[in-house]
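[1] One predicted model, sequence on top.
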Amino acid sequence: MSVSRRGFVAAATGLGALLALAACGGEPASAPAASAANAAQTSAATPFSYTDDRGKKIDLPKTPTKIVAQVGSAAALWDFGVRPIAVFGPHKLENGKTDPQVGNVDITKVQGLGNVWDEFNVEQYIGLQPELLVSSMYLKDDLWYVPAKSKDTIEKVAPTAGVMLTGRNATEVITKYGELAAKLGANLDAPEITQAKTRYEAALAELEKLAAKGLTIELVSGSPDAMYVSTPEMVPDFKLLSDAGLDIVKPKVDAQGYFEPLSWENADKYKADVVLFDSRTQALGLEEMRKKPTFAKLPAVAKGQIYPMWVETPYSYQKWADQLEELVANLRKASKLP
C-alpha cells in the first residue's frame, strides 16, 4: 500500500482504512515493551472484568497489558504499579521536560499520541494494538482528551474505561484508580503504596486540623482575559479541601457549573485570607497575574498568602501526599486578614 500521510489523513474516515494502513506498514508505531509486572499478567492469562463509571462492562479473556491512558489516568496507574505503553494529553513541556500532569510516568518509555487538546494520533494508536484505553471523565460519557472527531474510531480499536471525577473528592478518585489497578494486576499492599497512603492520610488529618484556623480560601485560575473562581464542589482536588472543613469561597458559577469568570477589573469581587492559584502550564502564571492591578491589590496577594495548587494532580497516594504536605506547610504560615 502506498499512501502518503497527508493523503491518508485527508481521506481516512473509518476504522477499516486505518486498520489497513497499520497492517500494510504506513509507519505504525512500535509498542514499548511491557513491564515485568505486565508481562507476568500476560503469562497468567487471568480473565479481566471491570465495570467503569459509564456503567460499561468490560470482559476480556486475559488481563490487558497493552494499556493506553490519558496522562492523568496514566500517572495514577503508574504509581499503583501498572505501566501504560502510551499516553495522550499534556506530558511534555516546550523545553522537553516532563509536564507535572503526567506525574511519575517515564515519558522516555511510553509512546506519546498527543500533547495538547484535540490531538490524538489514531494511526499510531492502532499500530500499538492496544488492549485497553483508560481516561478520566468530567461528564459521564466524555472521555477526557479523547477528541470527539475520533471518538467512534478509537472506541472500535479497543475497549475503553472511564473514571468519573466530577462530584468526587480526591480520596474517592484515588480509591477508584486503585480498584482498577488491582484488576490490572497491581499489588495494593506494595510498600511504596502503603507508605504513601500513610503519608497522605497523615497530611489530610493535619489539613482537617488547620480548618479550625477559620481561613477563607479562594481558588482561582488565570487566563490573559479573565480570572476564573472555582467552586469547591465539582473538581476532586477542591472538593477534598471543602470536605476537610476548609472555608472555600463559593462563587456564582456559570452554566457549566465549575467556575465564575471575572474580568481582571473585577478580580476583587471576593475577599479571602488565602488565594490558591492554578499552576498548570496552560494557566496564566503568577507573575503575569500580579501585573493585573486589581488582583495585585487583593489583601491575600499583597500579603503573600497566595500559594500554588496543581489542579489535576495525578490521583495516587504518592502525588497527593506531596500535594497535601506542601499545602499544609503553606496554610500553617497563613493568618486571617483584617
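    Structure's in. What do you need?
[2] tell me the domain boundaries of the protein?
    As recorded under automatic domain parsing, the domains making up the chain are 5-188, 193-333.
[3] Kindly reformat these as TSV containing mean pLDDT and mean neighbour count.
    Any C-beta I mention is one placed from the backbone N, CA and C, and that applies to glycine too. Putting those into TSV (pLDDT from 0 to 100; neighbours: other C-beta atoms under 10 Å) gives the following:
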stretch	mean pLDDT	mean neighbour count
domain 5-188	83	18
domain 193-333	95	18
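[4] Show me what whatever helix or strand residue 123 lives in is packed against.
    Applying DSSP states H and E as the criterion places residue 123 in helix 122-127. With contacts taken as 3 or more C-beta pairs under 8 Å, 6 or more residues apart in numbering; DSSP states H and E, helix 122-127 sits against helix 15-23, helix 151-157.
[5] Would you agree residue 103 is in contact with residue 77?
    No. Assessed by C-beta atoms under 8 Å, residue 103 is found out of contact with residue 77, at 9.8 Å.
[6] Please work out which residues outside stretch 270-290 touch it.
    Residues outside stretch 270-290 that contact it (C-beta atoms under 8 Å, 6 or more residues apart in numbering) are 90, 93, 99-101, 215-224, 227, 229, 249, 251, 295-296, 298-301, 305-312, 327, 331, 334-337.
[7] Take it, keep the C-alpha atoms, and write them as CSV.
    Taking C-alpha atoms only, stretch 270-290 is exported to CSV below (Å, rounded to 0.1, in the frame of the first residue of the first chain):
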residue,chain,number,x,y,z
TYR,A,270,-14.4,38.1,46.7
LYS,A,271,-12.3,38.6,49.7
ALA,A,272,-10.3,35.7,51.1
ASP,A,273,-7.4,35.2,53.6
VAL,A,274,-5.6,32.8,51.1
VAL,A,275,-5.6,32.5,47.4
LEU,A,276,-4.7,29.2,45.8
PHE,A,277,-3.9,29.5,42.1
ASP,A,278,-3.9,27.1,39.3
SER,A,279,-0.2,26.4,38.5
ARG,A,280,-0.7,24.2,35.4
THR,A,281,1.3,25.1,32.4
GLN,A,282,-1.9,26.2,30.4
ALA,A,283,-2.9,28.7,33.1
LEU,A,284,-1.6,32.2,33.4
GLY,A,285,1.5,32.3,35.6
LEU,A,286,1.6,34.0,38.9
GLU,A,287,3.9,36.8,37.8
GLU,A,288,1.6,37.6,34.9
MET,A,289,-1.4,37.6,37.3
ARG,A,290,0.4,40.0,39.6
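[8] So what's the gap between it and the chain middle?
    Put simply, stretch 270-290 sits 19 Å off its chain's centre (C-alpha atoms, centre = their mean, to the nearest Å).
[9] Equivalent analysis for stretch 187-194, please.
    The gap between where stretch 187-194 is centred and where its chain is centred comes out at 21 Å by C-alpha atoms, centre = their mean.
[10] now what about that stretch, what contacts it?
    79-81, 178, 181-182, 317-318.
[11] again, only this time at 10 Å
    With contacts defined as C-beta atoms under 10 Å, 6 or more residues apart in numbering, stretch 187-194 is touched by 37, 79-81, 178-179, 181-182, 186, 196-197, 316-318.
[12] about what we covered before: list the residues that contact both of residue 103 and residue 77?
    Taking C-beta under 10 Å, 6+ apart as the contact rule, residue 103 and residue 77 both touch 314-316.
[13] could you measure residue 274 against residue 152, distance?
    Distance, residue 274 to residue 152, by C-beta to C-beta, to the nearest Å: 45 Å.
[14] now swap in residue 245 and tell me
    According to C-beta to C-beta, residue 245 stands 44 Å off from residue 152.
[15] Next: residue 223.
    From residue 223 over to residue 152 (counting by C-beta to C-beta), the distance is 31 Å.
[16] again, but for residue 195
    Residue 195 is 43 Å from residue 152, where distance means C-beta to C-beta.
[17] Ok, residue 268 next?
    With C-beta to C-beta as the criterion, residue 268 and residue 152 are 46 Å apart.
[18] What residues does residue 100 make contact with?
    By C-beta under 10 Å, 6+ apart, the contact set of residue 100 is 71, 75, 90-91, 93, 279-281, 310, 312-314, 319.
[19] could I get those as JSON lines with distance to residue 207 and secondary structure?
    Below are the contacts of residue 100 laid out as JSON lines (distance: C-beta to C-beta, whole Å; DSSP: H, G, I helix; E, B strand; the rest coil):
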{"residue": "71", "distance to residue 207": "26", "secondary structure": "helix"}
{"residue": "75", "distance to residue 207": "22", "secondary structure": "helix"}
{"residue": "90", "distance to residue 207": "27", "secondary structure": "coil"}
{"residue": "91", "distance to residue 207": "29", "secondary structure": "coil"}
{"residue": "93", "distance to residue 207": "29", "secondary structure": "coil"}
{"residue": "279", "distance to residue 207": "18", "secondary structure": "coil"}
{"residue": "280", "distance to residue 207": "21", "secondary structure": "coil"}
{"residue": "281", "distance to residue 207": "26", "secondary structure": "coil"}
{"residue": "310", "distance to residue 207": "16", "secondary structure": "coil"}
{"residue": "312", "distance to residue 207": "19", "secondary structure": "coil"}
{"residue": "313", "distance to residue 207": "14", "secondary structure": "coil"}
{"residue": "314", "distance to residue 207": "19", "secondary structure": "coil"}
{"residue": "319", "distance to residue 207": "16", "secondary structure": "helix"}
